[in-house]
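[1] mind looking at a prediction? Sequence and model below.
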Amino acid sequence: MRNLTHLALTLFISTVALAQDTDPVRRPLAAAIRDHTAIIANARFVISHELDARIKTLPATTPPDVGQRLVAEKKAFDSTGALPAWLAVLPPVKGYPETMAEADARLDAAYKNAEAAYVRALRADLAQTVRAERQQIRIPSVTIATLAARPAAPPTPPPATVAPKVPGEFVDLLPLVNVERDSKNGRWERTPGGLKSDRGDGSGIRIQYAPPEEYDFLVEFTRDHGNDSMGQICWAYGHSFRWSVGAWDNTIAGIDDLEGRQAINNRTKVKMGIENGVRYQSVVKVRKNQISCYLDGRLITTLETDYSDLSYKAWQDAPGILGIEIWRANFTVHKMTLTEITGKGSKVKASARKFIRGSALRPSSEPSRAPDSAP
């Protein structure tokens, strides 16, 4: 049904495109149809990628019936748009019901406005045409939204999409931190549960460790209070970047700065937030030509890069090392580790100088400059 709807929308777009040059009523309607189609296509892409990744990473020990079920669910989604109920709980999917409902509402409003405009212009024939179109394609995007309403309990999901582990030297980064020396823009303390922060804007911890060429940087954390982000400051091939989750008032995750754009305005942005009181594991996998970012074992975003387009400046007095950075929330950092993949990292001789207060350039939720236009 969903595929038929897409075909109908495509045909309507073609018809509208021919008429809109001479019919101003059709122009906003055509734009609304294009926007609606793009939103649905993006939703399908994210979900299809998640299903494909799970199929490709099934362990050899997976029972045959689990693998067969996952393949069948993927085929059902491709042909009809039907999703297994367990997929609705995944972080990349949680925001789509609301997004798709809003898209449906905007498209419906555009059709109503066009019909009303034709009625005012005494063009009953065109008003009837628009009304018929609206009735034909007005199929709400409930393929995902109605999953939460299903009464049956979801089956146990297949294993999560986890990148294969690569042997390498394991480095425990937490003991390298001296909270008095290495903190900035806020107060941190070492507790039995890990490093605890106060609610500072751009409060950070630098880690006295220069990473190798390729590595996995893992941070386990809990947001105790607040509504903003945890960021991992990474260094690779002469450039610094930041991976953040729960950024921009807990609405997105992404990589800063890409081609001079913050995560809110670049292609690494993913719509998602995190919950207070929940322990998360975030992993940044740095490779020669790619960055992959995971949360709780699931791939959230990936970037093909030679690193020359990355330029996040968390601090200027200590380039070349790792760190973490938080905004407008209290966090507990339980664990920080690094696995060397290619090359050798090294501990850095700690500077006696503390961070200069206010050395962070800007928060993740309120840029100090006007945001770039969205790509």
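    On my side now, so go ahead.

[2] what ranges does the stretch 151-300 of the chain have for its strands?
    Using DSSP state E, counting those that start in this stretch, the strands of the stretch 151-300 of the chain run over 170-172, 183-184, 188-191, 194-197, 203-207, 209-210, 214-226, 230-236, 239-246, 252-256, 270-271, 279-287, 290-295, 298-304.

[3] what's the average pLDDT for the fifth one?
    Which is strand 203-207. For strand 203-207, mean pLDDT is 90.

[4] can you report how many residues lie near the closest residue to Asn227 other than its chain neighbours?
    Sequence neighbours aside, Asn250 is the residue nearest to Asn227 in space, at 4.8 Å (criterion: C-beta to C-beta, 6 or more residues apart in numbering). No exception for glycine: its C-beta is placed from N, CA and C like everyone else's. Residue crowding around Asn250 was assessed by other C-beta atoms under 10 Å; the count is 21.

[5] the one 5 residues further on now?
    Residues near Ile255, counting by other C-beta under 10 Å, number 27.

[6] for it, name its beta-bridge partners.
    For Ile255, the residues forming beta bridges with it (DSSP bridges) are Trp243.

[7] contact partners for it?
    Applying C-beta atoms under 8 Å, 6 or more residues apart in numbering to Ile255 gives the contacts Phe241, Arg242, Trp243, Ser244, Ala263, Asn266, Thr268, Ile291, Cys293, Thr301, Leu303, Leu310.

[8] try Tyr280
    Applying C-beta under 8 Å, 6+ apart to Tyr280 gives the contacts Glu220, Phe221, Thr222, Met230, Val245, Ile274, Leu295, Asp296.

[9] closest to Glu214 out of those residues?
    Distance to Glu214, by C-beta to C-beta, is smallest for Leu295 among those, at 20.4 Å.

[10] so how far is Gln135 from Ala127?
    Distance, Ala127 to Gln135, using C-beta to C-beta, to the nearest Å: 13 Å.

[11] compare those two (neighbour count), which wins?
    More crowded of Ala127 and Gln135, by other C-beta under 10 Å: Ala127, with 19 against 9.

[12] looking at this, the more buried one is in a helix?
    Yes: judged by DSSP: H, G, I helix; E, B strand; the rest coil, Ala127 forms part of a helix.

[13] isn't it right up against Arg120?
    No: using C-beta atoms under 8 Å, Ala127 is not in contact with Arg120; the gap is 9.3 Å.

[14] isn't there a strand covering Glu340?
    Yes: assessed by three-state DSSP, Glu340 belongs to a strand.

[15] could you check how far it is from Leu70?
    33 Å.

[16] could you do Ile205 as well?
    From Ile205 to Leu70 the distance is 40 Å (C-beta to C-beta).

[17] and those two? which has more neighbours close in?
    Ile205 (25 against 19).

[18] residue contacts, the more buried one?
    Taking C-beta under 8 Å, 6+ apart as the contact definition, Ile205 lies against Val177, Val179, Asp182, Ser183, Lys184, Trp188, Leu195, Gly323, Ile324, Glu325, Val333.

[19] what about the stretch 251-375 of the chain, any weak spots by pLDDT?
    Residue ranges of the stretch 251-375 of the chain with pLDDT under 70: 315-318, 350-375.

[20] where do the helices sit along it?
    Applying DSSP state H, counting those that start in this stretch to the stretch 251-375 of the chain gives no helices.

[21] quick one: which helix or strand includes Ala110?
    Using DSSP states H and E, Ala110 sits within helix 96-120.

[22] so what's the residue count around Ala30?
    19.

[23] A helix includes it, no?
    Yes: assessed with three-state DSSP, Ala30 lies in a helix.

[24] so what pLDDT did it get?
    With respect to pLDDT, Ala30 scores 83.

[25] can you check the one 5 residues further on too?
    The pLDDT attached to Asp35 in the predicted structure is 77.

[26] so which strand or helix has it?
    helix 26-56.

[27] next helix or strand past that helix?
    Per DSSP H and E, the first helix or strand lying C-terminal to helix 26-56 is helix 64-80.

[28] report the angle between that following helix and helix 26-56.
    170 degrees (axes from the mean of the first three to the mean of the last three C-alpha atoms, to 10 degrees).

[29] does anything pack onto helix 64-80? Which helices or strands?
    helix 2-20, helix 26-56 (3 or more C-beta pairs under 8 Å, 6 or more residues apart in numbering; DSSP states H and E).

[30] what about dumping the CA coordinates of it to PDB?
    The C-alpha trace of helix 64-80 is given here as PDB (Å, rounded to 0.1, in the frame of the first residue of the first chain):
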ATOM      1  CA  PRO A  64      18.400 -20.400  11.800                       C
ATOM      2  CA  ASP A  65      14.800 -19.400  12.600                       C
ATOM      3  CA  VAL A  66      16.000 -16.000  14.000                       C
ATOM      4  CA  GLY A  67      17.900 -15.200  10.800                       C
ATOM      5  CA  GLN A  68      15.000 -16.400   8.600                       C
ATOM      6  CA  ARG A  69      12.600 -14.200  10.500                       C
ATOM      7  CA  LEU A  70      14.700 -11.100  10.200                       C
ATOM      8  CA  VAL A  71      15.100 -11.600   6.400                       C
ATOM      9  CA  ALA A  72      11.300 -12.100   6.100                       C
ATOM     10  CA  GLU A  73      10.700  -8.900   8.100                       C
ATOM     11  CA  LYS A  74      13.000  -7.000   5.800                       C
ATOM     12  CA  LYS A  75      11.200  -8.300   2.700                       C
ATOM     13  CA  ALA A  76       7.800  -7.400   4.300                       C
ATOM     14  CA  PHE A  77       9.000  -3.900   5.000                       C
ATOM     15  CA  ASP A  78      10.400  -3.400   1.400                       C
ATOM     16  CA  SER A  79       7.100  -4.600  -0.200                       C
ATOM     17  CA  THR A  80       4.400  -3.200   2.200                       C
END
